[in-house]
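Peer 1: When you get a sec, could you give me coordinates for this:
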Amino acid sequence: MKNISAVYFSPTGGTRKAVLNLASGMGGDIREVDLCTLKGECSFESGDLVIVGMPVFGGRIPGFAAKLLKQCRGNGAVAVTAAVYGNRAFEDALVELNDALKELGFKIGASAALLAEHSMAREVAAGRPDKKDEEDARGFAGRILEKLAKDGWQEPQVPGDRPYRDWKQMPVVPLADDTCMTCGLCAEQCPTGAIPADAPGTTDSGTCMLCMRCVAVCPVRARSLPAQAQAMLEQKLAPVKAIRRENELFL
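Peer 2: Residues are numbered from 1 along each chain as shown. You can find the predicted model right below:
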């Protein structure tokens, strides 16, 4: 491989960590492409290896992130895809991600479903990716490189359905409480621009994608989901809280 890159959409950091664990096992220097901050086209070449990671939202890749991904041009580069999820299920996310990348000119060499702490209920899959996940990623990387070194390799078959499952976003947005310092960091780092710079205590419900980046970056933890919505979410995820899902590789 000429170059190795890690492309990710990671509002709260979990997807980035999981993707870099996998990329680091490939060896060499890793070029990072953060879709949250990417401005303009990002091109690759035949012979490049690109690890592309997306968080799973309701069994799908986020629609806004899919639009950002269209800034990338594969030009025959090999993609290793990663659906990063918070212990519930990844459902159609890998199928959707692979389809999107093929349309952008990538060849799919391998895919993985990786675990990370749930972005909206942090006690679910808490602390992941952990040491065991790092070991899994290194093992996956070796197996992927072994496959790609052979002639005539085929695209992996991954779980998932077409048409992709329907998904509707929760009709709530993170709120700021009276500890908000109006520092503006949330507005500055919101991927969708849902938080106005002149009123960082507010959120545009029509633009917010519930990525939870504003909650993650707030220095005084002034932002959170409404209490009732948070309680309902935690109740829904309670059955998977004590389960340890394992990472999966598809060659």
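Peer 1: And the helices in this protein, which stretches?
Peer 2: Remark: helices assigned in the chain by DSSP state H are 14-24, 63-69, 93-103, 131-148, 185-189, 213-217, 227-241.
Peer 1: Quick check: which of these is buried the most?
Peer 2: With neighbours defined as mean count of other Cβ atoms under 10 Å, these peak in mean count at helix 14-24, which reaches a mean of 24. Where you see a C-beta, it was placed from the backbone N, CA and C, and this is true even at glycine.
Peer 1: Show me what it is packed against.
Peer 2: Applying 3 or more Cβ pairs under 8 Å, 6 or more residues apart in numbering; DSSP states H and E, one finds that helix 14-24 makes contact with strand 4-8, strand 30-34, strand 49-55, strand 78-85, strand 107-115, helix 131-148.
Peer 1: okay, that helix in CSV with CA atoms only?
Peer 2: Output of helix 14-24 as CSV, limited to C-alpha atoms (Å, rounded to 0.1, in the frame of the first residue of the first chain):
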residue,chain,number,x,y,z
GLY,A,14,-15.3,7.0,20.3
THR,A,15,-15.3,6.3,16.6
ARG,A,16,-11.9,8.0,16.1
LYS,A,17,-10.4,5.9,18.8
ALA,A,18,-11.7,2.6,17.4
VAL,A,19,-10.6,3.5,13.9
LEU,A,20,-7.1,4.6,15.0
ASN,A,21,-6.8,1.3,16.9
LEU,A,22,-7.4,-0.6,13.7
ALA,A,23,-5.2,1.8,11.5
SER,A,24,-2.3,1.6,13.9
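Peer 1: Can you check what angle separates that helix from strand 49-55?
Peer 2: 160 degrees (axes from the mean of the first three to the mean of the last three Cα atoms, to 10 degrees).
Peer 1: now helix 14-24: mean pLDDT?
Peer 2: Across helix 14-24, the average pLDDT comes to 97.
Peer 1: Tell me which residues are up against that helix.
Peer 2: Contacts of helix 14-24 with the rest of the structure, by Cβ atoms under 8 Å, 6 or more residues apart in numbering, involve 4-10, 30, 32, 34, 51-55, 80, 82, 84, 86, 112, 114-117, 119, 128-129, 133-134, 137-138, 140-141.
Peer 1: Could you tell me the angle between that helix and helix 131-148?
Peer 2: 50 degrees.
Peer 1: ok, residues contacting stretch 120-134?
Peer 2: 14, 17-18, 21, 86-88, 114-118, 137, 210, 212, 225, 230, 233-234, 237, 240-241, 245, 247.
Peer 1: out of the helices and strands packed on helix 14-24, nearest to A176?
Peer 2: Of all these, strand 49-55 sits nearest to A176, with 23.0 Å by Cβ to Cβ.
Peer 1: just the angle between the closest one and strand 107-115, please?
Peer 2: 40 degrees.
Peer 1: So for K39, which of the helices of the chain sits nearest?
Peer 2: That would be helix 63-69 among the helices of the chain, by Cβ to Cβ, at 10.1 Å.
Peer 1: Rounded mean pLDDT for the closest one, please.
Peer 2: Confidence for helix 63-69, expressed as mean pLDDT, is 95.
Peer 1: got a list of contacts for that helix?
Peer 2: With Cβ under 8 Å, 6+ apart as the criterion, helix 63-69 contacts 7, 9, 35-36, 38, 52, 54-55, 96, 100-101, 104, 191-192, 209.
Peer 1: Return the distance of that helix from the chain's centre.
Peer 2: Using Cα atoms, centre = their mean, to the nearest Å, the mean C-alpha position of helix 63-69 is found 11 Å from that of the whole chain.
Peer 1: about what we covered before: and the contacts of helix 14-24, which are buried?
Peer 2: Neighbour-count burial (16 or more other Cβ atoms under 10 Å) applied to the contacts of helix 14-24 gives 4-10, 51-55, 80, 82, 84, 86, 112, 114-117, 119, 128-129, 133-134, 137, 140-141.
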